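**Student:** Compute the structure for the input listed below.
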Amino acid sequence: MEAIKILIITRFRILSWVITSMALSIVLLMIRMKLNQSFFFMFLVWNLFLALIPFAITMYLSSKENLPKWSLFFWFGIWLLFLPNAPYIITDLLHLRMSDKYLMWLDVLVVSSFACNGMVFFFLSLMDMESLLRAFTSVKIRFYLITFVLFLTAFGIYLGRFLRYNSWEILQHPYDLFTDILNIIIHPDQYIEAWVFSLFFGVFLSVGYWMFKAFLKIKTN
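**Tutor:** Next up, the predicted model:
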């Protein structure tokens, strides 16, 4: 309980903006539902909840003092499983092709709002994890590890969007999941889309993350 209190006090400003931003997204969705008389985009609420999980994990870990190495690595694995859910919401823009033309602008606003929240959660969570790893890794190792995580996240988004795997599939259908991953690795010529998507999306996430960090440094200096 004390850790949660410290967490709220030290991160009050970030939490305030996060809550405000999520509330705005939900209000926009409700307006869209009212005008279109459709619940089609309700899945965005669930996707936003999943996007919040990795951010919640690293926020909680950041509030702990003297976090043991084994504990950090354990949580790192869980965090990594849920991390692709945060930027995944960007791919929900694909659903705009089913929007009514006369209110497409509202659908763009709704999906973009949720996607922006997901990206902010992703960047903040990644920054937290990078900070947590500082006590156990060198600058060089940390850079390579975070870069690897960025491209691995892109691959995770591909698995979720195109092969329809969820984070918990590693427990429910581990054989199917690992078989598909192995096939993509062993037969790259048969899965060109997976490699191209992961590469381009990985570059997109990497550039976005380093820009986000640079902007925060400018702001705090």
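
**Student:** ok, residues contacting stretch 77-84?
**Tutor:** If you take C-beta atoms under 8 Å, 6 or more residues apart in numbering as the criterion, stretch 77-84 is touched by 50, 53-54, 57-58, 122, 125-126, 129, 149, 152-154, 156-157, 159-160, 167, 170. From N, CA and C alone the C-beta is placed, and that goes for glycine too.

**Student:** if we go to 6 Å?
**Tutor:** Stretch 77-84 is contacted from outside by Ile53, Pro54, Ile57, Thr153, Gly156, Ile157, Ser167, using C-beta atoms under 6 Å, 6 or more residues apart in numbering.

**Student:** Can you pick out the most distant pair from the residues you listed?
**Tutor:** The span of the contacts of stretch 77-84, defined through C-beta to C-beta, is set by Ile57 and Ile157 at 18.3 Å.

**Student:** And these two? Which one has more around it.
**Tutor:** Higher neighbour count among Ile57 and Ile157: Ile157, with 24 against 20, using other C-beta atoms under 10 Å.

**Student:** what stretches of this structure score poorly on pLDDT?
**Tutor:** 1-10, 218-221 (pLDDT under 70).

**Student:** Recalculate using a threshold of 50.
**Tutor:** 221 (pLDDT under 50).

**Student:** ok, so of the contacts of stretch 77-84, who is nearest Tyr209?
**Tutor:** Using C-beta to C-beta, the contacts of stretch 77-84 come closest to Tyr209 at Thr153, 9.9 Å.

**Student:** List the residues that contact Phe121.
**Tutor:** Ala51, Leu52, Phe55, Ala86.

**Student:** Compare these and tell me which has the most neighbours.
**Tutor:** Ala86 (30 neighbours).

**Student:** quick one: what helix or strand has it in it?
**Tutor:** Following DSSP states H and E, one finds Ala86 within helix 85-88.

**Student:** Show me which of the contacts of stretch 77-84 are buried.
**Tutor:** With burial judged by 16 or more other C-beta atoms under 10 Å, the buried subset of the contacts of stretch 77-84 is Ile53, Pro54, Ile57, Thr153, Gly156, Ile157, Ser167.

**Student:** So which of those sit within strands?
**Tutor:** Among the buried ones among the contacts of stretch 77-84, no member falls in strands (DSSP state E).

**Student:** can you redo these as a markdown table with distance to Val110?
**Tutor:** What follows is those, written out as a markdown table (distance: C-beta to C-beta, whole Å):
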| residue | distance to Val110 |
| --- | --- |
| Ile53 | 21 |
| Pro54 | 23 |
| Ile57 | 27 |
| Thr153 | 24 |
| Gly156 | 24 |
| Ile157 | 20 |
| Ser167 | 24 |
